[in-house]
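Asks: After the sequence you'll find the predicted model.
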Amino acid sequence: MSGPERASGTGRFLTGLAWAVLLFALWLWGQQITGVRNGTAAPATGDMAAVGRPPQDDLPAAVKPLGDALPQRVDIPGLGIQAPVVARGLDGDGAVDPPPFDQPGVVGWYAGGAAPGAPGAAVLVGHVDTETRPAVFYKVSALVPGETVRVVRDDGTVAEFTVDDIDVVARDHFDAQQAYGVREKGRAELRLITCGGTFDKASRSYTANVVVSAYLTGTGA
């Protein structure tokens, strides 16, 4: 998730390391809190006029969670995003392995957590850009509450989520519970995560993460 034409190989390593640390914190916290299973707009800079959760009666009601099924594709109609999803786990050092840098159009699903549509908070991560061009989640910071995110699953169902919150979380003040905790018990929720804030030339990484929260409001096939 390095900045366009800015990151060297070292920059890519440091950025990937930041993702690994961030998501490993999620894994450690999530085992205790979320009930997980074992096993084009520029990056947001804080100018988030649309951020915030509107009154719940302005958004559709949550529907009953689905069973477990593997995510295959994520569609965000309002942003023109349609991308394959691959499972990501922990590497040999116990850190989360982010999506490959040579596959900027691929979204990673944190397979140690909830499946999209199942109870809990499922996590999808994607790069914001590469050395030369925007990546899959470059536009994610432009989402607003009420927009739709669809996840196609390998059981033939489509989990349809409604966005209810967009936030920019500084990496030096990261709060796993605030970012990834289930907002309402019993719901199937979704988090879309990418880089945000500003590009720090010293560390060769972004200073924050964009966290989009959504919850299951429909299903299809």
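Replies: Here it is on my side, so go on. Residues are numbered from 1 along each chain as shown.
Asks: How about Arg88: what's its closest non-neighbour residue?
Replies: Gly108 (4.0 Å; Cβ to Cβ, 6 or more residues apart in numbering). All C-beta spots, glycine's among them, are computed from the backbone N, C-alpha and C.
Asks: and if you look at Pro100?
Replies: Nearest non-adjacent residue to Pro100 (Cβ to Cβ, 6+ apart): Val106, at 7.0 Å.
Asks: Quick check: which element contains the residue nearest to Arg88?
Replies: Assessed by DSSP states H and E, Gly108 sits inside strand 107-110.
Asks: Quick one: list the elements packing against that strand.
Replies: helix 9-33, strand 81-88, strand 120-125 (3 or more Cβ pairs under 8 Å, 6 or more residues apart in numbering; DSSP states H and E).
Asks: weakest of these in terms of mean pLDDT?
Replies: Ranked by mean pLDDT, the helices and strands packed on strand 107-110 end with helix 9-33 at the bottom, a mean of 44.
Asks: what about the residue nearest to Pro100, neighbour count?
Replies: 17 (other Cβ atoms under 10 Å).
Asks: from memory it sits against Gln82, does it?
Replies: No. In this structure Val106 lies outside contact range of Gln82 using Cβ atoms under 8 Å: 11.8 Å.
Asks: how about the residue nearest the centre of the chain, what does it touch?
Replies: Centroid-nearest residue in the chain, with Cα atoms, centre = their mean: Leu192, separated by 2.2 Å. Contact partners of Leu192, counting by Cβ atoms under 8 Å, 6 or more residues apart in numbering, are 124-126, 137, 140, 143, 149, 210-212, 214.
Asks: Just the buried subset of the residues you listed, please.
Replies: Buried subset of the contacts of Leu192 (neighbour count, 16 or more other Cβ atoms under 10 Å): 124-126, 137, 140, 143, 149, 210-212, 214.
Asks: Could you list the low-confidence segments of this structure?
Replies: 1-57, 90-97, 174 (pLDDT under 70).
Asks: Verify the stated contact: the residue nearest to Arg88 with Ala83.
Replies: No. Contact status for Gly108 versus Ala83: not in contact, 10.3 Å apart, counting by Cβ under 8 Å.
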